[in-house]
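Chemist: quick one: sequence and predicted model below, then my questions.
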Amino acid sequence: MKETEKIRIGIMPQEKIRQRVLDIAAGKYKPAENEPTIWFTSMRSLAEVLSDENRALLRVIRELEPDSIKVLSEATGRQSSNLSRTLKTMAMYGIVELTKEKRQVKPKVKATEFEILAV
């Protein structure tokens with residue numbers, strides 16, 4: 001089992017996230033090293049991505065280290081299409097990494113610990 005990083009997650013309204021991104025791009029704001037790297041607009045959207053089922057999925061991926069989504073599907077009993085959609089969402093937030101290897105997509109967990117800051 002490989003080491004994963006702890007990800008700091010922030011929750012902030014969409015308008016504030018947008019303004020923050022614009023300020024960073026314009027050089028008006030430089031994020032501190034300890035600030036969240038992932039932002040959600042609500043606790044509800046965070047809860048959908050880090051549901052109990054999805055956190056269990058992360059543990060299975062970390063322990064099993066499957067070579068493909070198909071192998072993961074067989075191990076979890078979840079449909080490949082459903083897993084693919086869930087994993088793509090998690091990859092968008094930097095929680096998992098999806099790597100193409102020999103016409104298959106290999107999931108890899110990047111984080112299993114999360115620190116949540118509501119702003």
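Modeler: That came in fine, so what should we check first?

Chemist: roughly how far does Lys70 sit from Leu57?
Modeler: 15 Å (Cβ to Cβ, to the nearest Å). (Each C-beta comes from the backbone N, C-alpha and C, glycine too.)

Chemist: who's more crowded, the two?
Modeler: Between Lys70 and Leu57, counted using other Cβ atoms under 10 Å, the more crowded position is Leu57 (22 against 13).

Chemist: what's near enough to touch that one?
Modeler: Contacts for Leu57 (Cβ atoms under 8 Å, 6 or more residues apart in numbering) come out as Thr76, Arg78, Leu83, Thr86.

Chemist: same question for Glu97.
Modeler: Ala91, Pro107, Lys108, Lys110.

Chemist: do that again at 10 Å, thanks
Modeler: Contacts here follow Cβ atoms under 10 Å, 6 or more residues apart in numbering; on that basis Glu97 touches Leu87, Met90, Ala91, Lys106, Pro107, Lys108, Val109, Lys110.

Chemist: so what sits opposite it in the bridge?
Modeler: Glu97 has the following beta-bridge partners by DSSP bridges: Lys108.

Chemist: columns distance to Arg20 on top of the contacts of Leu57, output as CSV?
Modeler: As requested, the contacts of Leu57 are exported to CSV (distance: Cβ to Cβ, whole Å):
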residue, distance to Arg20
Thr76, 36
Arg78, 35
Leu83, 32
Thr86, 27
